[in-house]
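Just a sequence and a predicted model for now, questions to come.
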Amino acid sequence: MKLKMGNLVLGVALFAGLLTGCGADNKGTDSQGSSKSKITLKLAHTGSDTHQYNIAAEAFKQSLEQKSNGTMEVKIYGNAKLGSEKDAVEGVMNGTIDMTTVAADSSLANVVPEMNVFGIPFLFKNREHVFSVLDGEVGKSLLQKVDEKGMVGLGYWEVGFRQITTKSNAVNKPEDMKGLKIRVQPAPVWNEFMKSLGANPTPVNFNELYSALEQSVVDGEENPIATIMSMKFYEVQKHVALTNHTYTPAAVVASKSFMDSLNDEQKQWVREAVQESATSVRKTLADNEAKSIEELKAKGVSITQPDIEAFTAATANVSKALADKVPQDLIDQIKAAAK
């Protein structure tokens, strides 16, 4: 009996020790407040393994794990394993997902209405204009809007300038869009954009888009060249119109409860890793775009250069339809940043 009682006491002690160790990992500190216990950060996104989201997430993972000397690790859940972008945003808000990256002007815009600004057509002139906005006061102010919604805005990775793809009809002018069912992101700006072109906006979750295109639930969609390549949309879309109609940042947002669990040094590592990976992915995608267009041509996809002036004129009133969500002074600030 004494031996059994001794084993029981020892077992209780060991179990208590295990619980203490688990608590250290969850908080990221040991009993002396050290940051040496390993923290696992759960990062969710909806892209494929070769999508822009994943390219940036992998760069972030490498940077953070190096900065923390292995005391912080990043587990990436891509391919919508944890749900749609709407699910990812909600998961970050309620603390079940530590971090996500989503299109700024998609589901996130339903929580932070000002993010609809990125869906306003032909607002950005070129990449330099985009980066001056994202890296400047406008970008910071929009991240503060994220903070006000119970999340932590960390920065912007890249989705890119968006192009229009169709299955059967090449697009050269706005009239070519009339009557087409075009997949849109679930944000008000995209409904207004497609209506202005005479198309029928049809919301489809990104992780369901390939099937929707394949089954002709929609006739077309719009996404950057890198997305068209990484998600293999070229298999079910045979025309790409190089409109560059909007630029989509991949907003990087974290759970407030997760960030609050970190000490100041760990928070700084996370923020620095986000910025370093942003710089890295911008260069990677810029270097690859021309090559990807040639690959699309080789796969039998027709590439058109539409009448941009006509598209700009046709969509000129989209911003007015969003006056209750996107302040005019925000639009003016962005326009003023053009060089």
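Done, it's in.

Near Ser280, how many residues? Count them for me, please.
By other CB atoms under 10 Å, 18 other residues sit near Ser280. To be clear about C-beta, it is placed using only N, CA and C from the backbone, and glycine gets the same treatment.

State whether it and Ala57 are indeed in contact, as I suppose.
No - contact status for Ser280 versus Ala57: not in contact, 11.3 Å apart, counting by CB atoms under 8 Å.

The stretch 151-300 of the chain: strands as residue ranges?
When secondary structure is read from DSSP state E, counting those that start in this stretch, the stretch 151-300 of the chain shows strands at 151-161, 163-166, 181-184, 200-203, 220-223, 239-241, 247-255.

Now Gly70: closest residue in space, sequence neighbours ignored.
Leaving out its chain neighbours, the residue that sits closest to Gly70 by CB to CB, 6 or more residues apart in numbering is Lys38, at 7.4 Å.

residues contacting that neighbour?
By CB atoms under 8 Å, 6 or more residues apart in numbering, the contact list for Lys38 reads 25, 70-73.

List the ones among those that fall in strands.
Per DSSP state E, strands hold the following members of the contacts of Lys38: 72-73.

Let's see if you can find the most crowded of the contacts of Lys38.
Met72 (23 neighbours).

I'd like to know how far that one sits from Asp260.
Separation of Met72 from Asp260 (CB to CB, to the nearest Å): 15 Å.

Same check on Lys140?
Going from Lys140 to Asp260 by CB to CB gives 21 Å.

same question, Val146
Relative to Asp260, Val146 is positioned 15 Å away (criterion: CB to CB).

The two: which is more packed in?
Set side by side, Val146 and Asp260 show unequal neighbour counts under other CB under 10 Å, the larger going to Val146 at 23 against 10.

what angle do the helix or strand harbouring the more buried one and strand 247-255 make?
Taking DSSP states H and E as the criterion, Val146 maps to helix 137-147. When axes from the mean of the first three to the mean of the last three CA atoms, to 10 degrees is applied, the directions of helix 137-147 and strand 247-255 differ by 40 degrees.

Could you pull up the mean pLDDT of helix 137-147?
The predicted model assigns helix 137-147 a mean pLDDT of 98.

Then stretch 237-245?
For stretch 237-245, the mean confidence score works out to 98.

can you give me how far it is from the chain middle?
21 Å (CA atoms, centre = their mean, to the nearest Å).

Tell me which residues are up against it.
121-122, 161-172, 193, 213, 220-222, 225, 228, 234, 293, 296, 300-306, 308, 311, 315.

any weak-confidence spans in this protein?
For the chain, applying pLDDT under 70 flags the ranges 1-36.

ok, 80 please
Judged by pLDDT under 80, the chain has its weakly predicted residues at 1-36, 339.

where does the residue most central in space within the chain fall, phi/psi-wise?
Centrality entry for the chain: nearest residue to the mean C-alpha point is Val102, 2.5 Å, by CA atoms, centre = their mean. As for Val102, its main-chain torsions (degrees, to the nearest 10) stand at phi -140, psi 160.

show me what contacts it?
Contacts were defined as CB under 8 Å, 6+ apart; by that measure Val102 touches 45-46, 85, 88-89, 108, 250-251, 253.

hey, what's it bridged with?
Ala251 (DSSP bridges).
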